[in-house]
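Novice: test case, fold it:
(2 chains)
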Amino acid sequence: MAETNHNHYAAKDFKSDQEVRWCPGCGDHGILASLQKTLAELDIPKEKYVFVSGIGCSSRLPYYMSTYGFHSIHGRAAAIATGIKIANPELMVWEMTGDGDALAIGGNHYIHAIRRNIDIKIILFNNEIYGLTKGQYSPTSKKGLTTKTSPYGTIEEPFKVGELTIGANGRFFARTVDYNLQLSNEVYKEAAKFHGTAVVEVIQNCVIFNDGTHDAFTSKENRDDNTITLRHGEKMIFGKNRDKGIILKDLKLKVVKIGENGITEKDILTHDAHEPNPGIHYRLAGMSLPEYPVALGVIRAINAQTYDAAMIEQHERVQARSKIRTVDELLRSGSTWEVK
Amino acid sequence: MGKRSKVIEKDAVVIRFSGDSGDGMQLTGTLFSNTSALFGHDISTFPDYPAEIRAPQGTVGGVSGFQVHIGHKLINTPGDFTDILVAMNPAAIRANSRWLRKGSTIIYDSDNFTEKSIQRAGYKADPFTEDKLDSMNLIAAPITTLVKEALKDMEIDPKTVLRTKNMFALGMVYWLFNSKLKYTEDFIEEKFGKKPLVAEANSKVLRAGYYYGETIEALTPSYRVSPAPIKKGTYRNINGNQATAWGVLAAAEKAGLKLFIGSYPITPATGVLEELAQRKDMGVKSLQAEDEIAGICTSIGASFAGRLAVTSTSGPGLALKSEALNLAVMTELPLVVIDVQRGGPSTGLPTKTEQADLWQALFGRNGESPVPVIAAGTPSDCFRFGFEAAKIAVEHMTPVILLTDSYLANGSEPWKIPSTNDLPPITVPYAVKTDKEFLAYERDPETLARKWAIPGTPGLEHRVGGLEKTIKGSVSYTPENHEYMVKVRDEKVERIVREVPNLKVHGRKSGDLLVIGWGSSYGHITTAVAELQEEGYSVSAAVFNYIRPLPKNTAKVFAGFDKLVVCELNTGQFANYLRMKHQKYTYNQYNKIQGLPFTVKEIKDYCIKLLKGKKNG
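Specialist: Numbering: from 1, shown residues only, chains lettered A, B, ... in the order given. From the prediction side, this is the model:
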């Protein structure tokens, strides 16, 4: 994709005429805004975009985009998006989903889309709760969370989106926060440019049913010290005073203070998003409080052949070999006989 | 090759190859069928095999059979009773003895009739006495010994030697029919081309079997079945799954669309996916999905993106697909759902046939969910109805369910190859950009179908989804809008009746009894009725292919008869559907739920009972 924008879109060109019905203060508003801004900055004609979703608050997003859109059924967005992309690889297919939609009812489609490396962009809104059904725990809810269906607290271990994605052989994983429009814009653009399944986990706040669940690293007072924004080729340094960093010690990640115990900036790891071995990315994606900051930005981006491209290549190979092109030729292929 | 002592001229003969599921009986039967078809016989086949790939050796549960009916007359069923049984072990006798015609010939591998294997099949001592088969024409051939003998000079392992036993049996049957070996030899050469020793062994054993037949000639008469009076043209053998796949492929070509199939393997439907997966040369994109739901959902996605989309499954898979099928109903996207029915409920009888998914197809979804349902009648008919399902789906912007079943899917028959020029055109209702705003649910005034706006087309950007919509495509919970949309979706499907051909009556348009069926009972019902007519009964037949909507002339056809009987392989699903749709008639029922097709005889017997034996006049 060229860097120049021939289409001269503005973000508002991607707004549909539908009234946005998310709750006031919902993180989804920010996600919608930064996506519309991203599309305006990409050099792709509007008719090439398809927004696909499942069921849940996040899945209403396609209605608010003026592109082609498909609001499907619970959990199935990845499968529908896969069909669309295979049918017409020229389309840029975005899947809007949530932690319940993608990881509970749609878990199977989610891992298989990633495994196949079909070229779709999955934006996973993670608010660790079921919002549309009014507050039940999800596969990412923190263990012990009290909800309407876990009145005594959950006894389940949650999934970490990054670990699951990389575990399913994910080639692209990034994380951003709903209100951080600049980082979101940056990450969505990277996802758009990536060839293959690109998963972006958006840390999203549900103001009604799980308000503040991410505050430990997203609130104004916590975010600098409790998150680290990773950028390829840059040192893993974070903190209000940019004095903390990450090193690898005894095969484990470790948070260190620069200037203490002889640690200098040179000792700090440099982020390599393109390293094929998923080990370090898995660990970075899995970092959580209190031991570690939460990693944001593009954690992993590995180029590999996409499913849709492999299919085209295989078709060309078979077509070069086979003489059958039409149904009449097919019907007369193999063993036939004449009755006179 | 030697002169024959006694040749029996026959109009039709039924042969059944039967053995352990590892004995290669399906291949043997197929080779014999193809040889017969090439000679000019009309044929109908019925593979009957267990769900287990290798069930315990020598048990009745592990018996795999392949029945073929060949004839000088036109053949519409694989035959009720067997004239010639090839039994590779005692279990094969046990499984088939009740289906043997009086005076049948049984060729069996006497080496396999040891005390142990006889007991394994559930006999005490002698299968033939115990099942009262003594008067049959029994041909004991020590096949295992003879095969070992025939290949003793070849350097091949004992396992491969034993695997050629089926070729010996096949050679013997070829001798019985004075058939040519060429087709089978060519097949062997092609299949084992890379293993010349194995090819040679199989050919050698095939000929050894043939010569053995010649040697024991004095013991048994041979048969002659003259070629059938078949229409001129180019023919091929085709089974139901292949025909279904090719039918939808023909529709895609006719409509100028590319085909997509998203499916998950399931017996007995997998053949459809396998067939289309091969057709990358024709641009078919196929995806073996992670589950049944993904099968249909990828297809719905492909349909949204402008491909002719198909998903194939069997009953349990259709159950899993039903939520997504409703999404296609709601978004009004063309989609062909092929249900190759098998015995249910649950896992049921995976390899056996049944017509018990009719209600699931018609009613098995939440909400008001109108879906056209059609059913194919014979294996080659699957081509026509695969085409028809796709034509209806595209022209009316709706999912369509095509019902076939295990009997059609695996059964094969010679098929006069049609020319695609003779197939009707398919008009795709594409949306076109105009000055006016594009409304996603604006309808054709005649068909009520909405337009298909393909992503990638500038100016037609729109949203679809499972939520109720207005004509514009916006979400709407307005009470009146919902009622309107429910009714209009229903009316859209009902209007397909305008293109449904009239129900055909086999026989006179009035009489004492009309035998009604649907789908795959076609062959057995029409054969039974033709025989009854010949015997002087006032009986006609009508076999439905269009279930929803029913043909326009349905009531008119029913009105011509004193009695109606609905024959189907379930407890009466179609009969009850007819009671709902055409209430003023009384429907007798003849039902069978044994995982097997009807026999001609049982249909006839029931009809004669209903008629109290009364003939014409």
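
Novice: any idea how far residue A:79 is from residue A:95?
Specialist: If you measure residue A:79 against residue A:95 using C-beta to C-beta, to the nearest Å, the figure is 10 Å. All C-beta spots, glycine's among them, are computed from the backbone N, C-alpha and C.

Novice: contact partners for residue B:208?
Specialist: B:146-147, B:150, B:168, B:171 (C-beta atoms under 8 Å, 6 or more residues apart in numbering or on different chains).

Novice: hang on, residue A:86 in a helix?
Specialist: Yes: using DSSP: H, G, I helix; E, B strand; the rest coil, the secondary structure at residue A:86 is a helix.

Novice: now the chain, which segments are flagged as low pLDDT?
Specialist: You didn't pick a chain, so chain A it is. Across chain A, the stretches falling below the confidence threshold (pLDDT under 70) are A:1-6.

Novice: um, chain B though
Specialist: For chain B, the ranges with pLDDT under 70 are B:1-5, B:217-219, B:617.

Novice: so what are the domain limits for it?
Specialist: Following automatic domain parsing, one gets these domains for chain B: B:7-224, B:236-422, B:511-610.

Novice: closest one to residue A:236 among the ones you listed?
Specialist: domain B:236-422 (35.7 Å; C-beta to C-beta).

Novice: next, the distance between the ends of that closest one.
Specialist: Domain B:236-422 has an end-to-end distance of 18 Å (C-alpha to C-alpha, to the nearest Å).

Novice: if we can go back for a sec, among the contacts of residue B:208, which ones are buried?
Specialist: Under a neighbour-count criterion of 16 or more other C-beta atoms under 10 Å in any protein chain shown, the subset of the contacts of residue B:208 counted as buried comprises B:146-147, B:150, B:168, B:171.

Novice: and of those, the nearest to chain A?
Specialist: Sorting these by how near they are to chain A, with C-beta to the nearest C-beta, puts residue B:171 at the top with 20.2 Å.

Novice: what's the burial count for residue 304?
Specialist: Because you didn't say which chain, this covers chain A. A total of 15 residues lie near residue A:304 under the criterion other C-beta atoms under 10 Å in any protein chain shown.

Novice: wait, chain B was what I had in mind.
Specialist: When neighbours are counted by other C-beta under 10 Å, residue B:304 registers 30.

Novice: skipping its backbone neighbours, what lies nearest residue B:284 in space?
Specialist: residue B:259 (4.6 Å; C-beta to C-beta, 6 or more residues apart in numbering or on different chains).

Novice: how about the residues of the stretch 1-150 of chain A by chain B?
Specialist: A:16, A:18, A:45-48, A:50, A:52, A:55, A:62-63, A:66-73, A:76, A:79-88, A:90-91, A:108-109, A:112 (C-beta under 8 Å from any C-beta of the partner chain).

Novice: my guess is residue A:217 meets residue A:289, correct?
Specialist: Yes: taking contacts as C-beta atoms under 8 Å, residue A:217 lies within contact range of residue A:289: 6.2 Å.

Novice: between those two, which contacts overlap?
Specialist: Shared between the contact lists of residue A:217 and residue A:289 (criterion: C-beta under 8 Å, 6+ apart) are residues residue A:226.

Novice: compare the two (neighbour count), which wins?
Specialist: For residue A:217 versus residue A:289, the count of surrounding residues by other C-beta under 10 Å is larger for residue A:217: 20 against 12.

Novice: which ones are touching the residue in the stretch 101-250 of chain A positioned nearest to chain B?
Specialist: Chain B sits closest to residue A:112 of the stretch 101-250 of chain A, with a gap of 4.0 Å, by C-beta to the nearest C-beta. When contacts are counted by C-beta under 8 Å, 6+ apart, residue A:112 is found next to A:78, B:289-290, B:294.

Novice: among those, which two are most distant?
Specialist: Distance extremes for the contacts of residue A:112: the farthest pair is A:78 and B:289 at 10.9 Å, using C-beta to C-beta.
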